[in-house]
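Trainee: Starting from these lines, generate the structure:
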Amino acid sequence: MPWPARLALVAFLASAAPGHAQTLPLPAQLPALPAAQQAHMDRDLLEIDIPRLHALYARHRYSVAEVTRWYLGRIARYNGIYRAVQTVDAEGALAIAAREDAQPPKARHGALWGVPIVIKANTAVQGLPDTDGWQGFALPGHAFVAAKDATVVAKLRAAGAVILGITNMPDFAASDTNRSSAFGRTGNAYDVRYSPGGSSGGTVTAVTANMALLGTGTDTANSIRMPAGTSALVGLMPTRGLVSIAGIAPLDWLRDNTGPIARNVADAAVALDAMAGEDPLDARTQGAATRAQPGPYTAYLKQDALRGKRFGVPAFILDTRADEGSGDKPARYVTLRPQTRAMLMAAIAQLRAAGATVVIDDTLLPRAFLDAAAKVDTRPYRLDGTDRWLAAFGPADYRSAAEYAEHVGAPLPMTLTGTRTAADPVPEGRPAPPSVPQRRLADDPDAQARYYAPQRAALAEYEAALDRLHLDGLIYPSAQMPPPDETMPQDGRLSGGPHSETGWANRLGVPAIVVPAGFYPGGLPFGLEIAARPWRDGDLLGWAYAYEQATHARRPPVLVERGLLPGAP
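Mentor: Numbering: from 1, shown residues only. This next block holds a predicted model:
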């Protein structure tokens, strides 16, 4: 489908990110079902999971095309308010549905056959705009349109998924809330005034609002897990190397990861099976087949999986000593809010009731552990990651950062290159961060000292702490605070979203999952995060499933059809 036709199906947010004009226009005339049929199907499809959807297909209750149009109808009805889906590929989705409906009745189907999904805007989907949330990749005449699928997208297609479109995200995935210079702000489905978190806020809003059955997210510090927690969803960041990140725009390619976002653990497990696997385009996946727990991941989903397991709460999570920063130094730690601590303690009681032991020990990974993890220095390799990505997946007009600058007439920002430009924003009340001299990881004689050795040391400290207290994993909140009301300042500034203390997991490459764990008194969701040892992704899914089955904490949002935020940023 050509770019102008694609743009005709792109969703638009009327309120731009501060200081930017928006680039992408509004969808119109999506091929939804007649209103009566849509309402009739609501009874079957709202909150549906993969096994129940496949059962409906097996009974010939609905065709794949009908289900696809039902989801397109949900997008048409609610996307103008919540602005979760940046690009709606109705034509492509219905073409996939038609092919699947035409298959012989006894044809063998993939695990995601007929399952409508959404893909985050930094992940390449052939023929669709790959904006990375940034208006600079959506400029007329210079737009980044993906020439081929990212590896995970190709795997999801092969499993039979129906790709509805691409979800909104903040520029370069570099924010804890969801404002995009290309597309504007996404609202929380439980209250559009509040943040859904970032940077996978578009995906979580789409999935929790039943605009898709599941979706993909990416995670460099918290961006699958924290947004999943704001929206009563399951968000899985797998062991780094289990799933390829080839074809995903890098925020920090040495910390980036990708994984599924779903309404329940079983669907996340099915999606992980489809997404996982070695990939010659991602060296970190080499050897994954022998290191990972054997699949399918649904085999680990047992209701008694928590019985006899031991988990700890990291001391740095519960440390409430103030850290406001000073002078030109920002705060190093995010302090746990009292209301979030109360929700965590309630979740701990539920874990114990399900048969787990939860250890709270002041010596278990204090703040010094975060300092050790912060020594894993990936900043000198930002340009290396960007150039690798553009060389393999960039448009013909620019296959490197240098070629982008030459073609467009303006450089890529510091987030992607490590080099400050005049256009890069300056943090409020602080001096501009300096440029970082850039190196290629493969050629850097200091790479061991900068990156590899600190990573090994921090991972060894993590595993030693688990060994010392005989722990299977850690538990803690997916964010240190509830989602903020973005109609009001946050700490005296425009809201930056709810913040977490979870980026250490990306630096170490360990897996973590978020599962719905209740609601704050004001009605917004709280998410519980569980972390495991590397390559124990199956066990991790099993623990999350057992907690989910013991609590049944998720309830869907009640959506609105009229905006509450005219003109809000």
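Trainee: Report the buried residues of stretch 443-459.
Mentor: The neighbour-count check on stretch 443-459 (16 or more other C-beta atoms under 10 Å) flags 444, 447, 450-451, 454-455, 458-459 as buried. Quick note: C-beta positions are derived from backbone N, CA and C, even for glycine.
Trainee: Can you give me the end-to-end span of that stretch?
Mentor: 24 Å (C-alpha to C-alpha, to the nearest Å).
Trainee: Would you mind listing the outside residues contacting that stretch?
Mentor: Identification of contacts with stretch 443-459 by C-beta atoms under 8 Å, 6 or more residues apart in numbering yields 254, 369, 372-373, 375-378, 380-381, 439, 441, 504, 507-510, 534.
Trainee: could you give the mean pLDDT of that stretch?
Mentor: Throughout stretch 443-459, pLDDT has a mean value of 98.
Trainee: going forward, begin numbering at 12 instead of 1
Mentor: All set: I'll call the first residue 12, so the last point we hit is now stretch 454-470.
Trainee: Quick check on the contacts of stretch 454-470: which are buried?
Mentor: Neighbour-count burial (16+ other C-beta under 10 Å) applied to those gives 265, 380, 383-384, 387-389, 391-392, 450, 452, 515, 518-521, 545.
Trainee: Give me the pLDDT for Ala19.
Mentor: On the pLDDT scale, Ala19 gets 30.
Trainee: pLDDT below threshold where in this protein?
Mentor: Confidence mapping of the chain against pLDDT under 70 gives the ranges 12-34, 36-39, 335-341, 440, 574-580.
Trainee: where along it do the strands fall?
Mentor: Listed in chain order, the strands of the chain (DSSP state E) span 96-99, 127-131, 173-178, 190-191, 195-196, 225-229, 245-248, 269-273, 321-324, 368-371, 484-488, 523-530, 536-542.
Trainee: when you compare where the longest one runs with where strand 484-488 runs, what's the angle?
Mentor: So that's strand 523-530. Per axes from the mean of the first three to the mean of the last three C-alpha atoms, to 10 degrees, the angle that strand 523-530 makes with strand 484-488 is 40 degrees.
Trainee: and strand 523-530, what other elements does it pack with?
Mentor: If you count contacts as 3 or more C-beta pairs under 8 Å, 6 or more residues apart in numbering; DSSP states H and E, strand 523-530 packs onto helix 236-241, strand 245-248, helix 276-286, helix 349-364, strand 536-542, helix 548-562.
Trainee: Using PDB, write down the CA coordinates of it.
Mentor: What follows is strand 523-530 as a C-alpha-only set of coordinates in PDB (Å, rounded to 0.1, in the frame of the first residue of the first chain):
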ATOM      1  CA  ALA A 523      10.600  -9.400  34.500                       C
ATOM      2  CA  ILE A 524       6.900  -9.500  34.200                       C
ATOM      3  CA  VAL A 525       4.100  -7.200  35.500                       C
ATOM      4  CA  VAL A 526       0.700  -8.600  36.400                       C
ATOM      5  CA  PRO A 527      -2.500  -6.700  37.500                       C
ATOM      6  CA  ALA A 528      -2.500  -6.400  41.300                       C
ATOM      7  CA  GLY A 529      -5.500  -4.300  42.200                       C
ATOM      8  CA  PHE A 530      -6.600  -0.700  42.000                       C
END
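Trainee: in the lengthiest helix in the chain, what counts as buried?
Mentor: Looking across the chain with DSSP state H, the single longest helix is helix 75-93. By 16+ other C-beta under 10 Å, the buried positions in helix 75-93 come out as 75-93.
Trainee: can I get the CA coordinates of that helix in CSV?
Mentor: Coordinates of each C-alpha in helix 75-93 appear next as CSV, following Å, rounded to 0.1, in the frame of the first residue of the first chain:
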residue,chain,number,x,y,z
VAL,A,75,-11.6,-13.6,11.0
ALA,A,76,-12.8,-10.7,8.8
GLU,A,77,-15.8,-10.1,11.2
VAL,A,78,-13.6,-10.1,14.3
THR,A,79,-11.1,-7.8,12.6
ARG,A,80,-13.8,-5.4,11.7
TRP,A,81,-15.1,-5.5,15.2
TYR,A,82,-11.7,-4.3,16.5
LEU,A,83,-11.6,-1.7,13.8
GLY,A,84,-14.9,-0.5,15.1
ARG,A,85,-13.5,-0.2,18.6
ILE,A,86,-10.7,1.9,17.2
ALA,A,87,-13.1,4.1,15.2
ARG,A,88,-15.2,4.7,18.3
TYR,A,89,-12.6,5.4,20.9
ASN,A,90,-9.3,6.2,19.3
GLY,A,91,-10.2,9.8,18.8
ILE,A,92,-10.4,10.2,22.6
TYR,A,93,-7.6,8.0,23.9
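Trainee: how big is the angle separating that helix from strand 173-178?
Mentor: Using the same axes, to 10 degrees: helix 75-93 against strand 173-178 is 10 degrees.
Trainee: Can you list the helices and strands that helix 75-93 packs against?
Mentor: Counting contacts by 3+ C-beta pairs under 8 Å, 6+ apart, helix 75-93 packs against helix 46-56, helix 61-69, strand 96-99, helix 101-112, strand 127-131, strand 173-178.
Trainee: With mean neighbour count and distance to Thr397 added, can I get those in CSV?
Mentor: What follows is the helices and strands packed on helix 75-93, written out as CSV (neighbours: other C-beta atoms under 10 Å; distance: least, C-beta to C-beta, whole Å):
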stretch, mean neighbour count, distance to Thr397
helix 46-56, 14, 40
helix 61-69, 16, 35
strand 96-99, 28, 21
helix 101-112, 18, 28
strand 127-131, 30, 18
strand 173-178, 30, 20
